[in-house]
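# got a sequence here, can you model it:
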Amino acid sequence: MEYYLAIDIGASSGRHILGSIVDGKLVLEEIYRFENNVSEKDNHLTWDIDHLRQEVINGIKKCHEINKIPTTLAIDTWAVDYVLLDKQDQIIYPVYAYRDSRTEDVIDEVHKIYPFDKLYSHSGIQFQKFNTIYQFYADKKNGRLDKASTFLMIPEYLSFVLTGKKGHEYSNISTTGLLDAETKTWNFDAIESLGLNKSLFTEIVEPGTLLGHFSKEIASEVGFDCKVILCASHDTASAVLSYPSEKDEVYLSSGTWSLIGTENKKPILSKISMEHNFTNEGGAYQTYRFLKNIMGLWMLQNVRREVSAKEGRKVSFPELIALAKTSSFERIIDVNDDKFLAPKSMIDAVNSCFDQPLELKDVLSVIYHSLANEYKRAFTEIEKITGKQYDELYIIGGGSQDLHLSTLTKHYLGKKVFVGPTEATSIGNILVQLIADHKIKDIKQARKLVKDSFEIKEV
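The predicted structure is shown next:
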């Protein structure tokens, strides 16, 4: 049996998932899971990168313990964040998290130097205050870039830990705002205009590239050697690879963030696309993910944490869903408001939209209806910008398990809605490995494998 290991790390947890092909179907087995959280240090939100490094290794050791040695492995995480390394390849701490507010003071200055409409015409990346370009400029102003010899996006750094080799992977690099979407090369005009060190911006490779084998130290520590592939290392890029339809329809990658869009062969860099804040992120196999970021299940996750802390037990999502269904309060709020990005209390943030505090059931109902309404708005904008009519929405990822949200989405859209697969990101990660290892031919065959292997339900 040949195994392929997907290491999928999100903002709240990470998983090691083995994939294998059995009787023509892709079979997944989760072998390790660990916690990951943003921590506050010196009034900034940061990642515990040393914890992530060790947990990646711990999960790989599990393969040896259960005697299921992968042929290859690949790592995907969220986008935009990075690790700075000095000349000795030592980390320049801290590793900031994208929800930190440090970029707020530099955005206007960046746009004064390099206007956003000009930036968008090159990168095609939507405005978000945490985009890498603003993080870089903040690091330039505070002197951190002066000490840096290398930067690596989070999955690139963790792959470097395993191999000792560095590489920039296209799908994640595309989210920085510093890539030219059409040429897929660095926008050195912007880089030089902002006074960033050109030597940091080195070669970019496509998903499926072999980075290298485990270093001798890592192979000795985990008990075996393995090839490390650079998959579509931005988790959304991996998730979209598992989109189970052969037709050109709209997908919604539903998790901490909701990402709704289409897969294109060329970027859309029009003024109307910029005005509606759509992004053109790099995908695998010569594709672009034309999509919009929506705040997503982050809001519900935070409410759950608050309620769990208050009640002294771990409240389940089914409990919250059942409570939301008892509410008839269906007011709509702007879920993309910055107040929901990193509030001390999500419940208080929602209540700030109203004249008086709501009951918990109504807070939940507002979030659910507002998310479904925002999906409808974005779906309509996609049709307007592309000039196409779409008949179906495919909800993939962990959020596809929330049937209440999917049902509301169908109600608001008035379109066919399908859900699944739930493990979209890990599946996409493994598909790239399978193609790289010549076990499947191409993305068309990969998506047929998904359709044959996992249940896709119509809502």
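
# just list what the lengthiest helix in the chain packs against, helices and strands only.
Across the chain, the longest stretch assigned as helix under DSSP state H is helix 360-386. Packed against helix 360-386, as judged by 3 or more CB pairs under 8 Å, 6 or more residues apart in numbering; DSSP states H and E, are the following elements: strand 250-254, strand 258-264, helix 271-275, strand 288-294, helix 298-311, helix 317-325, helix 346-351, helix 403-413. Bear in mind the C-beta positions are built from the backbone N, C-alpha and C, glycine included.

# how about that helix: buried residues?
360-379, 381-382, 385-386 (16 or more other CB atoms under 10 Å).

# can you check stretch 245-254 too?
Across stretch 245-254, burial judged by 16+ other CB under 10 Å covers 249-254.

# returning to what we had before: could you dump the helices and strands packed on helix 360-386 to CSV with distance to Ala6?
Supplementary listing: the helices and strands packed on helix 360-386 in CSV, determined by distance: least, CB to CB, whole Å:
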stretch, distance to Ala6
strand 250-254, 16
strand 258-264, 19
helix 271-275, 32
strand 288-294, 19
helix 298-311, 22
helix 317-325, 24
helix 346-351, 30
helix 403-413, 25
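
# closest to Ala181 out of those?
With CB to CB as the criterion, Ala181 lies closest to strand 288-294 of the helices and strands packed on helix 360-386, at 7.1 Å.

# after the longest helix of the chain, next one along is what?
The helix or strand immediately downstream of helix 360-386 is strand 392-396, counting by DSSP states H and E.

# got the contact list for Gly212?
Shown in contact with Gly212 (CB atoms under 8 Å, 6 or more residues apart in numbering): 163-165, 227-228.

# rerun at 10 Å
159-160, 162-167, 227-230 (CB atoms under 10 Å, 6 or more residues apart in numbering).

# again, but for Tyr394
Tyr394 sits next to 240, 242-245, 247, 249-253, 400, 416-421, 424, 456 when contact means CB under 10 Å, 6+ apart.

# follow-up on the earlier one: so for the buried residues of stretch 245-254, which is the shakiest by pLDDT?
Lowest in pLDDT among the buried residues of stretch 245-254 is Glu249, which has 93.

# correct me, but that one touches Ile260?
No: counting by CB atoms under 10 Å, Ile260 is not a contact partner of Glu249; they are 11.4 Å apart.

# let me know the closest of the contacts of Gly212 to Thr175.
Using CB to CB, those come closest to Thr175 at Leu230, 14.9 Å.

# show me what the nearest residue to the closest one once chain neighbours are set aside is bridged to.
The shortest distance from Leu230 to any non-neighbouring residue, by CB to CB, 6 or more residues apart in numbering, is to Glu169 (4.3 Å). Residues in a beta bridge with Glu169, per DSSP bridges, are Val205.

# may I have stretch 134-153 as CSV, with CA atoms only?
Extracted in CSV, the C-alpha atoms of stretch 134-153 (Å, rounded to 0.1, in the frame of the first residue of the first chain):
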residue,chain,number,x,y,z
TYR,A,134,1.3,45.8,4.3
GLN,A,135,3.0,43.4,6.7
PHE,A,136,6.3,43.7,4.8
TYR,A,137,6.1,47.5,4.9
ALA,A,138,5.4,47.4,8.6
ASP,A,139,8.4,45.2,9.1
LYS,A,140,10.5,47.6,7.0
LYS,A,141,9.5,50.5,9.1
ASN,A,142,10.2,48.7,12.4
GLY,A,143,13.6,47.5,11.1
ARG,A,144,12.9,43.8,11.1
LEU,A,145,13.5,43.5,7.3
ASP,A,146,17.0,45.0,7.8
LYS,A,147,18.0,41.8,9.8
ALA,A,148,16.3,39.4,7.3
SER,A,149,18.1,37.3,4.7
THR,A,150,15.1,35.2,3.7
PHE,A,151,11.4,35.2,4.1
LEU,A,152,9.3,32.0,3.8
MET,A,153,5.5,31.7,3.9
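
# so how far is that stretch from its chain's centroid?
22 Å (CA atoms, centre = their mean, to the nearest Å).

# sorry, back to before: what's the most buried one of the helices and strands packed on helix 360-386?
strand 250-254 (a mean of 28; mean count of other CB atoms under 10 Å).

# quick one: it to strand 258-264, angle?
150 degrees (axes from the mean of the first three to the mean of the last three CA atoms, to 10 degrees).

# what's the offset of strand 250-254 from the middle of its chain?
12 Å.

# tell me the helices and strands packed up against it.
Helices and strands touching strand 250-254, by 3 or more CB pairs under 10 Å, 6 or more residues apart in numbering; DSSP states H and E, are helix 235-241, strand 258-264, strand 288-294, helix 360-386, strand 392-396, helix 403-413, strand 416-419, helix 424-436.

# can you redo those as TSV with mean pLDDT and distance to Val83?
TSV is the format used below for the helices and strands packed on strand 250-254 (pLDDT from 0 to 100; distance: least, CB to CB, whole Å):
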stretch	mean pLDDT	distance to Val83
helix 235-241	96	17
strand 258-264	96	24
strand 288-294	96	23
helix 360-386	98	32
strand 392-396	97	29
helix 403-413	98	34
strand 416-419	97	35
helix 424-436	98	20
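
# turn these into CSV, including distance to Val22.
As requested, these are arranged in CSV below (distance: least, CB to CB, whole Å):
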stretch, distance to Val22
helix 235-241, 20
strand 258-264, 28
strand 288-294, 30
helix 360-386, 35
strand 392-396, 22
helix 403-413, 28
strand 416-419, 24
helix 424-436, 13
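
# from Gly223, how far out is Lys61?
7 Å (CB to CB, to the nearest Å).

# just Asp180 next, same as before
Counting by CB to CB, the gap from Asp180 to Gly223 is 43 Å.

# quick one, which of these two is more surrounded?
Asp180 (18 against 12; other CB atoms under 10 Å).

# quickly list what the more buried one is bridged to.
Here Asp180 sits in beta bridges with Thr185, as judged by DSSP bridges.

# isn't it up against Tyr170?
No: judged on CB under 10 Å, Asp180 makes no contact with Tyr170 at a distance of 11.9 Å.

# contacting residues around Ala11?
Applying CB under 10 Å, 6+ apart to Ala11 gives the contacts 36-38, 47, 77-78, 97-99, 235, 255-257, 298, 301.

# and what of Met153?
The contact partners of Met153, taken as CB under 10 Å, 6+ apart, are 77-83, 132, 159, 168-169, 171-173, 175-176, 233-234.

# ditto for Leu413
250, 372-373, 375-376, 379-380, 390, 392-393.

# how about Asn336?
So Asn336 contacts 128, 277, 292-296, 370, 374 (CB under 10 Å, 6+ apart).

# ok, now Val110?
Going by CB under 10 Å, 6+ apart, the list of residues near Val110 reads 103, 116, 119, 131, 133-134, 136-138, 177, 190, 193-194.

# do that again at 7 Å, thanks
Going by CB atoms under 7 Å, 6 or more residues apart in numbering, Val110 touches 133-134, 137, 194.

# cool, Ser233 as well?
Counting by CB under 7 Å, 6+ apart, Ser233 makes contact with 75-77, 155-156, 169, 171-172.
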